[in-house]
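>>> Please find the sequence and the predicted model below.
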Amino acid sequence: MRRTDEEQALEEGATALPPPLPPVCPRCGAERERRPTGTGHYILLEPEALPVALVPVGHRWYVTSDGCAVNWTGEALAALCRIAHRRVCDDLPSG
Ligand SMILES: [Zn+2]
């Protein structure tokens, strides 16, 4: 069954507030780099780029030349990729 863009965005953590609201995490309040995903959603990315070998397929985000973030599941586009803040945020204590 094909997921809707909405379901996919939720699953990937592309739930950032859209501009002009501030690029902060609604859960922990951290400010992160916000990028459009190309499906009408926005995602907060962690600032550090990681070697793709350390990041499971499906969690590898790349920033394209037009400034969009793409969760690419095919062959690695670069040696480094980014991860969604949501993925890290889930491990942080709330409040
Ligand atoms: Zn957070």
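Arrived safely. Numbers count the residues shown, from 1 in each chain.
>>> Might you report the residue contacts of the closest residue to Cys81 other than its chain neighbours?
In this structure, Cys81 finds its nearest non-sequential neighbour in Arg60, 4.1 Å apart by CB to CB, 6 or more residues apart in numbering. No exception for glycine: its C-beta is placed from N, CA and C like everyone else's. Taking CB atoms under 8 Å, 6 or more residues apart in numbering as the contact definition, Arg60 lies against 52, 71-73, 76, 81-83.
>>> And these, which of them are buried?
The neighbour-count test (16 or more other CB atoms under 10 Å) marks 52, 71-72, 81-83 as buried among the contacts of Arg60.
>>> Quick one: the residues you listed as CSV, columns for distance to Thr4 too.
Output for the buried ones among the contacts of Arg60, formatted as CSV (distance: CB to CB, whole Å):
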residue, distance to Thr4
Val52, 27
Asn71, 15
Trp72, 19
Cys81, 25
Arg82, 24
Ile83, 23
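>>> And these, which is closest to Cys28?
For Cys28, the nearest member of those is Ile83. The distance, counting by CB to CB, is 15.2 Å.
>>> Spit out the contact partners of the closest one.
Under the criterion of CB under 8 Å, 6+ apart, the contact list for Ile83 reads 45-46, 50, 55, 59-61.
>>> if we can go back for a sec, what about the buried ones among the contacts of Arg60, which are in helices?
With helices defined by DSSP state H, no entry of these lies inside them.
>>> picking that back up, distance of the residue nearest to Cys81 relative to Val52?
In this structure, Arg60 lies at 6 Å from Val52, with CB to CB, to the nearest Å as the measure.
>>> Likewise for Ala9?
From Ala9 over to Val52 the distance is 22 Å, taken as CB to CB.
>>> With adjacent residues omitted, what lies nearest to Glu31?
For Glu31, ignoring the flanking residues on the chain, the nearest one in space by CB to CB, 6+ apart is Val24 at 5.0 Å.
>>> I'd guessed Glu33 sits against Ile43; true?
No. Using CB atoms under 8 Å, Glu33 makes no contact with Ile43, being 9.1 Å away.
>>> Which one's more surrounded, those two?
Here Glu33 and Ile43 are compared on neighbour count by other CB atoms under 10 Å; more neighbours surround Ile43, at 25 against 15.
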